[in-house]
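Q: A predicted structure for the sequence below; I have some questions about it.
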Amino acid sequence: RASQSFLHEINIKPQKTKVRLYALSSEYDKNLHYARIMSESLHNAGILPEQTELVLLGTDEAKGIIFQSNETQYGYGNVTSFDEREISARLLINKYPLCNAINFDENGRATENMNVLIVGFGRIGHEVLRKVIANGQFEGSNFRATIYDPNFKHRTGFFSSQYPMMFANYDISFEPQDGRGSKIFKFLQENASSINYIVICLDNRDTARDIAIHMVDRLQTLGYSQKVYTCDSKSVRCYSQYAQECETHYIYDSELLYSGELDKYAKELNHNYTGGQDINEDWKKCAYFERMSSRASVDYLIPLIRIMKNKMNVNKLTPEQRENLARSEHLRWSAFLYTFGFDVMDKEEFIRRVKEY
């Protein structure tokens, strides 16, 4: 039980012990209930928020705000809230960044468009689309996504109403998928030279594997070497013509599930942005969604900066590279907000806030 007596038994002490709670039951309501009761027990035991961390399964990333400590409520010092489908989509982007799929010039400007093919548009397909849009924006490049699903008309209504600006700002098209999949392969053959990121988002892993292998073979026959990824609620797999076996990554990845190396960079990024005196105090004051935004920025920028440095074989970026990276980051930031349902501020509200501030 998440009681004070239990905390006493395992020798949890104020200002000394660090606590990370994993609430990973398949019954999501139990996770929420246990995390809430444990938070109350930790509070009553005098444990400071910065001593605590929560990894919570069962809600999407944004819902973790209810457990995050802030100036007005006690909570966990750091919260990772995730739905298995959402974390799988993030794992895909983390292991296989979209910036690795296109080319850039020596100044960090993309020299080709981002053209994504997604097969399957259930819950996992929804999350993959949100992640590839947010991470597929680069200065000099346009974004396009083509989605094949036999039931796309039934699967897009509510989803598109949640993210109207996402659909209004990016080129997203849906195509019906026939039973044999011949339309997908015809589309692949006709567009093989421009498609640079392919994800199969099916719950049936065997079917996803078969489609991925056939796509790799077809691309190889056409003289192309694009990798094909499969993404389900438990894992991400990469199929390529060079590998005898696919590369497999499972969603319970320690780096994604609790504050590790990526959070170190997220804290630094937030500190530089806010201009505060203490990096940890800045992070402590940082609102939950702002932490999410910092982490998303780090996910995007680390591989992109690595590409720029490798291309020039230097340790320091040039002013023009930094400018193009900044422009790319702004495009990503806007897309990130759209994929969480944010809208553009109207002119009257903008003028009102200018006067207020």
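A: Thanks, I have the structure now. Numbers count the residues shown, from 1 in each chain.

Q: give the contact list for the nearest residue to Gly120 once chain neighbours are set aside.
A: Closest residue to Gly120 apart from its sequence neighbours, by CB to CB, 6 or more residues apart in numbering: Cys201 at 3.9 Å. Placement of C-beta: from N, CA and C, glycine included. Contacts for Cys201 were tallied using CB atoms under 8 Å, 6 or more residues apart in numbering; they are Ile118, Val119, Gly120, Phe121, Gly122, Ile124, Gly125, Val128, Ala208, Thr230, Cys231, Asp232.

Q: 7 Å - rerun?
A: Each residue near Cys201 by CB atoms under 7 Å, 6 or more residues apart in numbering is listed here: Ile118, Val119, Gly120, Phe121, Gly122, Ile124, Gly125, Val128, Cys231.

Q: of those, closest to Lys30?
A: Ile124 (23.4 Å; CB to CB).

Q: ok, residues contacting the one helix or strand the closest one maps to?
A: Secondary-structure element containing Ile124, defined by DSSP states H and E: helix 123-135. With contact meaning CB under 7 Å, 6+ apart, helix 123-135 is reached by 85-86, 88-90, 92-93, 97-98, 116, 118, 143, 145, 147, 149, 159, 166, 170, 197, 199, 201, 231-233, 296, 300, 332, 335-336, 339.

Q: for the residue nearest to Gly120, give its distance to Tyr273.
A: 34 Å (CB to CB, to the nearest Å).

Q: quick revisit: any idea how far Ala89 is from the residue nearest to Gly120?
A: For Cys201, the distance to Ala89 - CB to CB - is 9 Å.

Q: quick one: Asn94 and Thr274, what's the gap?
A: Taking CB to CB, one finds Asn94 at 25 Å from Thr274.

Q: so for these two, which sits in the more crowded spot?
A: A direct count of neighbours by other CB atoms under 10 Å for Asn94 and Thr274 places Asn94 higher, at 20 against 15.

Q: give me the mean pLDDT for the helix or strand harbouring the more buried one.
A: Using DSSP H and E, Asn94 sits in helix 84-95. If you average the pLDDT over helix 84-95, you get 92.

Q: return the set of buried residues in that helix.
A: Of all the residues in helix 84-95, those buried under the rule 16 or more other CB atoms under 10 Å are Glu84, Arg85, Glu86, Ile87, Ser88, Ala89, Arg90, Leu91, Leu92, Ile93, Asn94.

Q: next: stretch 214-227.
A: Quick answer for stretch 214-227 (16+ other CB under 10 Å): His214, Met215, Val216, Arg218, Leu219, Gln226, Lys227.

Q: reformat these as TSV; add distance to Lys347.
A: Formatted as TSV, the buried residues of stretch 214-227 follow (distance: CB to CB, whole Å):
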residue	distance to Lys347
His214	51
Met215	46
Val216	50
Arg218	50
Leu219	47
Gln226	43
Lys227	45
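
Q: in helices, which of those fall?
A: Within these, residues falling in helices by DSSP state H are His214, Met215, Val216, Arg218, Leu219.

Q: the fourth one contacts Glu190, correct?
A: In other words, Arg218. No. Look at Arg218 against Glu190 with CB atoms under 7 Å: they stay out of range, at 11.6 Å.

Q: how about the helices in the stretch 1-150 of the chain?
A: Ranges of helices in the stretch 1-150 of the chain, per DSSP state H, counting those that start in this stretch, are 4-9, 28-44, 84-95, 123-135.

Q: would you mind finding the most buried of these?
A: helix 123-135 (a mean of 24; mean count of other CB atoms under 10 Å).

Q: next, the angle from that one to helix 84-95.
A: 40 degrees (axes from the mean of the first three to the mean of the last three CA atoms, to 10 degrees).

Q: tell me the mean pLDDT over helix 123-135?
A: For helix 123-135, mean pLDDT rounds to 95.

Q: any idea how far it is from the chain center?
A: In terms of CA atoms, centre = their mean, to the nearest Å, the centre of helix 123-135 is found 8 Å from the chain centre.

Q: list the contacts of the residue minimising distance to the centre of the chain.
A: The chain has Arg90 as the residue nearest its centroid, 3.6 Å off, counting by CA atoms, centre = their mean. With contact set as CB under 7 Å, 6+ apart, Arg90 has these partners: Lys131, Leu256.
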